[in-house]
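Student: Give me a 3D structure for the following:
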Amino acid sequence: MGNPIAVSKDLSRTAYDHLWMHFTRMSSYENAPVPTIVRGEGTYIYDDKGKRYLDGLAGLFTVQAGHGRAELAEAASKQAQELAYFPVWSYAHPKAIELAERLAHLAPGDLNKVFFTTGGGEAVETAWKLAKQYHKLTGNHGKYKVISRNVAYHGTPQGALSITGLPALRAPFEPLVPGAHKVPNTNVYRAPVHGDDPEAFGRWAADQIEQQILFEGPETVAAVFLEPVQNAGGCFPPPPGYFRRVREICDQYDVLLVSDEVICAFGRLGTMFGCEKFGYVPDIITCAKGMTSGYSPIGAAIVSDRIAEPFFKGSNTFLHGYTFGGHPVSAAVALANLDIFEREGLNQHVLDHESAFHATLSKLHDLPIVGDVRGNGFFYGIELVKDKVTKETFSGEECERLLYGFVSKKLFENGLYCRADDRGDPVVQLAPPLISDQSTFDEIEQILRGVLTEAWTKI
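Tutor: A predicted model of the protein is given here:
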């Protein structure tokens, strides 16, 4: 294999020369090594120099069962030898059938129809197209618009990007798909009204959806897209009663409620689907990531019988699909991953330990730079502020210098892989594998404490 250092330098240079990394400022690596991860085991990952890091983001909110699960690799190998590929375009194969049935049984209410994709953005794209065609098939030809929340991220395809509420991500690709409108999110920490009453704030935030529907005209609005806990901006959980009111509004105006659970499904909140945690039944669930714990790519739109019904009549067809949707190998891995969930009780593990995770992270409140610690399950954001009393945030230049120039790099140097993000106000996001325990929480807190203490001295 040769000298490990020499190999590392070659890999890094080759990465810069040929691997166009996603959401990456490539110039950052012109004269600096590209971090290269070569192995994972449990809650840890290892780079090409042998250094160990705690995976505080589960890859990308994905590796629920942890790294190095041999049975998931074996499931992929066995399926690839039997049937490596076949499309689900007018044909079926056993693993797609079995996985669709299993997801239907796990999903709430009458969500019994599963349309497979290869990722979350495709699932969101699928849900919007499906919602528009559903309304056309049921005689409501003018319903095509969607409502989502400010600062929310829903994916990168043109439709999903239109639904995304982050102007900086949309700007380079405009004009986008028309008809996507935004309402306030559920960031209680920065609530414009009712900041001292979460339930009243939740009612206000939900009512903004109704106001937007009325402003656009109910006859034009097809769907509302919401995450159970909003990711971008730093893990905004719903206030009490929020989703109950949203469900009422959607029913009143014949608007589909899409629960975007690309992150929140498969145990991230301690339930198989995030909507279960907050007591609502959507019309469509979009999911991906944790379905296979990231061992193979797959996504899905899980659709209620009511919404699917007109597509199953006569010559009606949903003219939409993906070459690798419901891939046999990915479906086999997903089934094996769900076996692990059941055998090891991963959902219950999260429910049993979520309060300890929150309590451990909340210790950081004694630092002057920590304004808020929020989230649910094993999914938390820590908002950084310039002034705890006034909640003053950092300027763009300060975020650049503090988050990208120091915090992000220093956390990684100190052995913690997570996300320092300024999509919205500056936050550090944490979503460790679902097998994490108190030792994991303590290690996260200790590394964060050291780095954030030092960061305060650099403001």
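Student: Residue 337 falls within a strand, correct?
Tutor: No. Counting by DSSP: H, G, I helix; E, B strand; the rest coil, residue 337 is not part of a strand but helix.
Student: ok, now which ones touch it?
Tutor: Going by Cβ atoms under 8 Å, 6 or more residues apart in numbering, residue 337 touches 64, 65, 72, 266, 291, 292, 293, 295. Placement of C-beta: from N, CA and C, glycine included.
Student: How about the fifth one, nearest residue that isn't a chain neighbour?
Tutor: Leaving aside its sequence neighbours, residue 291 sits nearest to residue 334 (Cβ to Cβ, 6 or more residues apart in numbering; 4.8 Å).
Student: Equivalent analysis for the third one, please.
Tutor: With sequence-adjacent residues excluded and distances taken as Cβ to Cβ, 6+ apart, residue 72 is closest to residue 295, at 4.4 Å.
Student: Report the secondary structure state of the residue nearest the centre of the chain.
Tutor: By Cα atoms, centre = their mean, the chain has its centre lying nearest to residue 263, at 2.8 Å. At residue 263, secondary structure determined by three-state DSSP is coil.
Student: Which residue, other than its chain neighbours, is closest to it?
Tutor: Of all residues not flanking residue 263 in the chain, residue 61 sits nearest, at 4.5 Å (Cβ to Cβ, 6+ apart).
Student: Thought residue 261 was touching the one you found, still the case?
Tutor: No. With contact defined as Cβ atoms under 8 Å, residue 61 does not count as touching residue 261 (10.9 Å).
Student: higher neighbour count, those two?
Tutor: residue 261 (30 against 24; other Cβ atoms under 10 Å).
Student: which residues does that one contact?
Tutor: Here residue 261 is in contact with 227, 228, 273, 274, 275, 285, 286, 287 (Cβ under 8 Å, 6+ apart).
Student: again, only this time at 10 Å
Tutor: 120, 123, 226-229, 268-269, 272-276, 282, 285-290, 300, 302 (Cβ atoms under 10 Å, 6 or more residues apart in numbering).
Student: swap in residue 133?
Tutor: 144, 222, 310, 311, 316, 317, 318, 319, 320.
Student: you'd agree residue 308 is in a helix?
Tutor: Yes. Residue 308 forms part of a helix when assessed by three-state DSSP.
Student: Quick check: it vs residue 256, distance?
Tutor: Counting by Cβ to Cβ, to the nearest Å, the gap from residue 308 to residue 256 is 12 Å.
Student: Kindly report the same for residue 391.
Tutor: 36 Å.
Student: These two: which is more packed in?
Tutor: Ranked by neighbour count (other Cβ under 10 Å), residue 391 and residue 256 place residue 256 first, with 26 against 15.
Student: quick one: pLDDT of the residue nearest to residue 72?
Tutor: Residue 295 is assigned 98 on the pLDDT scale.
Student: Am I right that it is in contact with residue 69?
Tutor: Yes. Using Cβ atoms under 10 Å, residue 295 and residue 69 qualify as a contacting pair, with a distance of 7.1 Å.
Student: Helices of the stretch 51-200 of the chain, start to end?
Tutor: 58-61, 70-82, 94-106, 120-137, 158-163, 167-170, 198-216 (DSSP state H, counting those that start in this stretch).
Student: If you count neighbours, what's buried in the longest one?
Tutor: Buried residues in helix 198-216, defined by neighbour count with 16 or more other Cβ atoms under 10 Å: 198, 200-206, 208-210, 212-213.
Student: Residue 53: how many residues sit nearby?
Tutor: 22.
Student: who touches residue 242 in this structure?
Tutor: The neighbourhood of residue 242, defined by Cβ under 10 Å, 6+ apart, consists of 186, 198-199, 201-206, 209, 226, 278, 280.
Student: I should have written residue 332 there, sorry.
Tutor: By Cβ under 10 Å, 6+ apart, residue 332 lies in contact with 72, 74-80, 82-83, 94-96, 98-99, 292, 296.
Student: Mind checking which of those residues are buried?
Tutor: By neighbour count, with 16+ other Cβ under 10 Å, the contacts of residue 332 hold 72, 75, 76, 79, 95, 96, 99, 292, 296 as buried.
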